[in-house]
Each structure stands twice: as structure tokens, then as C-alpha cells.
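*Asks:* Below: sequence and its predicted model.
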Amino acid sequence: MIKKYTFGQPLETGAAVQAIAAHSQPFDLMHLAHTQDGICLSCRMDTQDVVYGLGEQMRGINKRGFSYVSYATDDSFHTESRHALYSAHNFLILNRTNGASFGIFIDDPGTVVFDVGETQLDQLVIRAGKDCVIYTIEGNGLKDIVKQFRELIGRSYIPPKWAFGYQQSRWGYACAQDIRNVVQGYHGKNIPLDAVYMDIDYMERFKDFTVDAEKFPDFADFVEEMRGQGIHLVPIIDAGVKIEEGYPVYEEGVKGNYFCKDGDGNDFIGAVWPGRSHFPDVLNADARAWFGGKYRVLIEQGIDGFWNDMNEPAIFYSDQNLKKAMEAILSFKDQNLGLHEFYQMKGLVDGLSNSEEDYKSFYHNMDGVKIRHDQVHNLYGYNMTKAASEAFDQIAPNKRILLFSRSSYIGMHRYGGIWTGDNASWWSHLLLSIQQMPSLNMCGILYTGSDIGGFGGDATEDLLLRWLAFGIFTPLMRNHAAAGTREQEIYQFGHTEDFRNIIRIRYGLLPYLYSEFMKCALNNEMYFRPLAFDYPQDTHAPQVEDQLMVGDSIMIAPVYKQNATGRYVWLPEDMLMVRMKSLEERTCKVVEQGHHYVDIALNEVVFFVKKNHMLPVAALDDDVKNISGIDAGRYEWIGYAEEAAEYVLYEDDGVSKEYTPREDWKRIILAERYLSN
């Protein structure tokens, strides 16, 4: 049951698509107080209560014990002290041990604070603005609450099937030959690969929708060359448009009045990669249509995938704040800088980027309504991605195009996926990636993953092997690293065969992974789930923060600690443990319910199959290069059944939006007690 409460005069964010009348009775699920700044909701939490959700955030699956701020932030230091990341996902579930559990969604595009027991250990406190919509959801268990919420906000984005293949990226592929070398590196080692990414270096001086003709001559021919080798190229698109006379995107934006304005009505100026830039007012329908239409120039050259970046929006500095900071810094010249003076000077530089003062200094025209950016900050990345998606519907109406974003808000999941931003080559970030997945799924974001191996820092061979062993289960499986870090394409490491085997296991599992993703998208369900969602009566399950259910049949328990040769695993019931050293070399063993220590070597993938469940596995030829080489007629089956196991297999062409209707989904029943082939 969903109830809707409206406070003040909220903006229409587009987050919800299901029409629900405002509830006539006073809000009584939590204590409601009106403050000078907005509204405050609070309630008591019992010791064993668990809080799930909030999408892309720091810390564990259970969000208790910390405060989280929904304010999209360009921050590459993902440490436990951080209260905000790139996205704002204002949905959580309070799962009570004594009393009715409920979900709550705060539809407020400005700053929202969720104090989940940080100030007071047993208090959940939510602070939002004066103008917002609040939805409360009560239902029959965690899955039901999430399903109702997902139906409220609409169906999740579905990418093309090739986007489930292995993908390689690096900031630093500076020319066409660099990309050819990457493809040859994979093909030379007979490692499957479906996509290579083009970071900001492909552009002409970091200008959106341009290609540097010296680095990438005859770009359309190069795209076709890569397509002939089974490789999709995926360029980056940033939010800032370079100010440069003669640059058509800039000139069109100025002429059409499509950029955000400063307080005097002039086009706002902030610096990003290309230096001084304007920002498309994607909260305005006309500007959104114009900016989205710019993707056509790359699509017409054969591109069928994009990643939107820097769209919080990130701002390195504004002219006004840079001038003030430079004047203040010069005042320290020839001084004897002590402790306080040095950190004051350092703070002047550090405070230039993504300044609150800057976010309060420019405005949007939301279809006739002038509104200051900070009040709708969280909608920017969402609407940049919406702009592209709406344009794709015009440019290629029945074709799926890969699209994901760094910043998002509830509702963007209908238009694209996300990746979890600039993580680091840390073991703790492998664990963070595991813990973020179910929270993102709760908020509708199914096509997601982290930068495998870590974006910043130098990935070690063991870290990359362990990360890949988890990453084979994430819909977006992309290895991505920053310029200046160790090259972490998997052929760069010594034990290439071990890496190759893990990638091939991904491709062998794709019939299951794709099928489960599609069923979850079309049924408004979660692909990744905490154990407690599937085993609500299990008292251990809420304490398990490092195991996940993946689709209907599988539980995973990744290794995420350096030098670990295995790990402890909690089995809520008897399960079939599947151990794979390669797609062809696997063993299966029934393991009883309970706590177990499981040895897992660096070159192994281990997962568990639920009782009375099974899954398809594709048999691959040795020379499979990409997802097109998977033969749908060569499935094997892994399963565990006391009497019989059944699996619902989803298949489609992977390209069009003609999704297979439910009555045509294939039901496979194998009436054997134990299936291991």
C-alpha cells in the first residue's frame, strides 16, 4: 500500500510515473515536525532493526550508524567519512523486528539528510525541504515493498545485449592505434571482449560531440573497423560545453538560449576539462531536446553506446570565485606561513571545486519557472541522461543504445544505468561495490557496476582477479583505470590464463545473467538482493553484509580481503556449491545449511545454487571473441533439486525493444534429484 503526502509547493521531478492521489489523513508513520528550514521526520529504531536502501552511498548494506546526504557530489575520495557520492537516491526501508516494516521515498531534488542513528543510535531522522512529496509504502515483506516502489517509479532501462559482455576502458587511450593495441592485446590472448571506451582524449580539445581528426582520422571508418572485429566503441560525453567561437555546439547553445544563466541573466560560466564552459539547461524541455539531438553526430558515425560524466554537474571553478581566491592567495606572498596561514591558503584552492557558492549562483528555466540550481541540484545528471535517451527514441526508435551516467536521481533508471564513479584500487572498494549493488537495485538501477580493478591507484594482480570474480555477476562489467596508474588490461598481467578463464566463465553464465536481468527489469524486481530478502525468517541473514543473491537461483560470497585463501560463508539452507577453475573445469557439491569455511583460490570462481533451482551455462568454443559467439543451442544445466528443478529462460534478439512477452518465456523442468552436468 502506497500513501502520498504533499508538503508546500513541490516541483515535478518526474521520479514517479504511477498516479497516486494525495492521502487525506495526516502523516503518522513517523513523527512529523515543521522547522524553519523544512520538515523533519523521526522515529525510534529497535536494536535489531535494519535499514536498507539509499542507492549509491558509502558503508554497508545496513545503513545504520551514520548520516547520508543526498546532494550529488563530484568526490573521488570514497572513504567512510564521506556522506555523499554522485547520486541522490532518497528511498529506504526500515525493516522492523517488532512492528510493521515500511519504505519511504522523499521526492525532493534539493538537499535531504538521512541521519540513520549517527546522532542518536536508536533514532532515524530525515530532514528535507519545505516543498516535497513523501511516499510511504507498507507491504508483505521486503520484496513486496521494493516491488511496489519500483512500480511507482517505472520500468528500469534495458541496454543492448552486447553491453553484458566484458568491456575495457582507460583514461589515456589517446588515439586510434591505442585502441587497436587494446583489441589486439585481448584477441592475441584469445580473451573475449565486446567494447572499448573512449575517455576525454578522443575529443578535439575536450569539446563535446567532436572527434580529434589527427588522433582519429576517418572516424566512421575506424568505428566500422572495430565493429568488424566485434568491438563496440563507447565515447564519453561531459556536461560542460567549451566556450569557443566557431564551435557549433557553443554557438547554437548561445543563440538558442539553451544554457544555464547567472543572476544577471547571462550564460553562467564554470570551468571543467575544456576550461571556461557553459552548462546546458537540461531541466528545460527545449534545451534538453537540443542537447540530446547532438548525440546524433556520433550515432551517424556508427556509435551505439555512451557514458555521461561530470554531470553533478562538476565545476572546477567559476570566474568569480577564482578571482577572489587568487587575490587572497597573493596576499600571503612573502609571509612566514605558519600552521593556520598555510591551511587557510590551501583551503582557498581546495574550496574552488564544486563550491556551494557556485551552485547557488546560477539558474534554470524549468519550462517558464526560474529556479536556483542548488534547489534542484540532484536533477541535473538525471536530465542530461534523459536528454540523450529521449533523443535516441527519435534517432533510432526501436534500437537499444547503451547509456549510463555518473550522477542520477530516482527516475533516471528509466533512461540509463550508472557506474559507481571514481573508486580506487583498494580492497575496501571491492567490498563497497558488493554492498552498493542491492541498494542500487532497490532504487530501480539494474544496469550498474563499479570500475573493476579500481579507477585510481595501481591494481595488483590478486586484487584484479578477485574483483573480476565478483564482476562477472554485475550487469556492467567494465575494467576502467585512470591516466597515470598501472595499466590494468588483463593481458598486462602474468597469469593471463587465469584471467581468461574468469572472463570465459562470465560469457558461459550470460544466458543466466541476461535472463535474470531481463526478468527483473520486466517484473520490477531486484537482480541483486541481500540474503534477508530471500530468507526473512533466518536470524543470521540480516547480519550478512558480504553475500548476495543474484537472480533467482544463485548466491555469491566473493573474497574481498588481500591474501585470503578463502572465507567464511553462511548458508541459509542446503545449497549446491559450484567451483569453477574454468568454464570446462568445474565441480559441484551439496553443502548443508550453516557456517562454513570455503577455500577459494585466486584462479577460482565459487557460487552457490539454491535448492530446487538450476541455471543454464553456455558451452563456448575456444576462440569465442564476444557475445555474438554464444550459441543459444548449446546450453548445459547446473542445478540442485530434491524432486525437480525448474528454470524460466528469457531470450530475445538483444537489440530491438520488442521484448519477449511472458507467455513466451521458456520453462525448463528437469525431474532429477541432483543435476551437475
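*Replies:* In hand now; what should we look at? Numbers count the residues shown, from 1 in each chain.
*Asks:* quick one: Ala213 and Gly456, what's the gap?
*Replies:* For Ala213, the distance to Gly456 equals 31 Å [CB to CB, to the nearest Å]. In this view, the C-beta of every residue, glycine as well, is placed from N, C-alpha and C.
*Asks:* Comparing those two, which shows the higher neighbour count?
*Replies:* Taking other CB atoms under 10 Å, Ala213 and Gly456 do not tie; Gly456 has more neighbours (19 against 10).
*Asks:* Name the nearest residue to that one, ignoring sequence neighbours.
*Replies:* Ala424 (4.4 Å; CB to CB, 6 or more residues apart in numbering).
*Asks:* what number of residues lie near the one you found?
*Replies:* Look at Ala424: counted by other CB under 10 Å, it has 22 neighbours.
*Asks:* Next, the contact list for Lys242, please.
*Replies:* Lys242 makes contact with Arg205, Phe206, Lys207, Asp208, Tyr250, Pro274, Gly275, Arg276, Ser277, according to CB atoms under 8 Å, 6 or more residues apart in numbering.
*Asks:* from the chain's centre, how far out does the one helix or strand the fifth one maps to sit?
*Replies:* Remark: Tyr250 resides in helix 248-256, with elements defined by DSSP states H and E. For helix 248-256, the distance between its averaged C-alpha position and the chain's averaged C-alpha position is 31 Å (CA atoms, centre = their mean, to the nearest Å).
*Asks:* Mind giving me the PyMOL select for the contacts of Lys242, buried ones only?
*Replies:* Per 16 or more other CB atoms under 10 Å, the buried members of the contacts of Lys242 correspond to this PyMOL selection:
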select buried, resi 206+207+208+250+274+276+277
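*Asks:* just the contacts of Lys242 now: which is nearest Val113?
*Replies:* Using CB to CB, Ser277 comes nearest to Val113 of the contacts of Lys242, at 30.3 Å.
*Asks:* who does the helix or strand encompassing the closest one touch, helix- and strand-wise?
*Replies:* Here Ser277, judged by DSSP H and E, is contained in strand 275-278. Under the contact definition 3 or more CB pairs under 8 Å, 6 or more residues apart in numbering; DSSP states H and E, strand 275-278 sits against strand 241-242, helix 248-256, strand 270-272.
*Asks:* contact partners of the second one?
*Replies:* Judged by CB under 8 Å, 6+ apart, the contacts made with helix 248-256 from elsewhere in the structure are 207-209, 241-245, 258-259, 267, 278, 280, 286-287, 290, 294.
*Asks:* what's downstream of it, the next helix or strand?
*Replies:* Using DSSP H and E, the helix or strand that directly follows helix 248-256 along the chain is strand 261-262.
*Asks:* Cross-check the contact I'm expecting between Arg276 and Phe268.
*Replies:* No: here Arg276 lies out of contact with Phe268, judged by CB atoms under 8 Å, at a distance of 10.7 Å.
*Asks:* which regions of the stretch 1-150 of the chain lie under the pLDDT threshold?
*Replies:* Filtered on pLDDT under 70, the stretch 1-150 of the chain yields no residues whatsoever.
*Asks:* Which parts of it are helices?
*Replies:* Ranges of helices within the stretch 1-150 of the chain are 142-153, based on DSSP state H, counting those that start in this stretch.
*Asks:* same question, the chain
*Replies:* Secondary structure of the chain, counting by DSSP state H: helices at 142-153, 176-188, 219-228, 248-256, 285-293, 296-299, 319-330, 339-350, 356-359, 380-395, 427-442, 461-471, 496-523, 531-534.
*Asks:* and those helices as a markdown table, adding distance to Asp37?
*Replies:* Shown next, in a markdown table, are the helices of the chain (distance: least, CB to CB, whole Å):
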| stretch | distance to Asp37 |
| --- | --- |
| helix 142-153 | 26 |
| helix 176-188 | 50 |
| helix 219-228 | 51 |
| helix 248-256 | 35 |
| helix 285-293 | 30 |
| helix 296-299 | 44 |
| helix 319-330 | 25 |
| helix 339-350 | 26 |
| helix 356-359 | 15 |
| helix 380-395 | 22 |
| helix 427-442 | 27 |
| helix 461-471 | 41 |
| helix 496-523 | 38 |
| helix 531-534 | 35 |
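*Asks:* so which of these gets nearest Asp46?
*Replies:* Closest of the helices of the chain to Asp46 is helix 531-534, at 15.4 Å (criterion: CB to CB).
*Asks:* And the closest one, what does it pack against?
*Replies:* On a contact count with 3+ CB pairs under 8 Å, 6+ apart, helix 531-534 meets helix 142-153, strand 548-550.
*Asks:* Tell me which of the ones you listed sits most buried.
*Replies:* Across the helices and strands packed on helix 531-534, the average number of neighbours (mean count of other CB atoms under 10 Å) peaks for strand 548-550, which reaches a mean of 24.
*Asks:* residues in contact with that strand?
*Replies:* Contacts of strand 548-550 (CB under 8 Å, 6+ apart): 434, 437-438, 473, 513, 516, 527-531, 533-534, 555-556, 607.
*Asks:* And stretch 3-13, by the same measure?
*Replies:* With CB under 8 Å, 6+ apart, stretch 3-13 has contacts from 20-23, 27, 29, 39, 107-109, 129-137, 366, 371, 376, 379, 409-411.
*Asks:* Using neighbour counts, trim those to the buried set.
*Replies:* 29, 39, 107-109, 129-137, 366, 376, 379, 409-411.
*Asks:* Can you list which of those residues are found in strands?
*Replies:* Among the buried ones among the contacts of stretch 3-13, the members falling in strands (DSSP state E) are Ile39, Asp107, Cys132, Val133, Ile134, Tyr135, Thr136, Ile137, Met366.
*Asks:* out of the helices of the chain, nearest to Leu670?
*Replies:* Closest to Leu670 of the helices of the chain is helix 496-523 (CB to CB; 14.7 Å).
*Asks:* Buried ones in that closest one, by neighbour count?
*Replies:* Within helix 496-523, the residues that count as buried by 16+ other CB under 10 Å are 496, 498-522.
*Asks:* Good, wrapping up.
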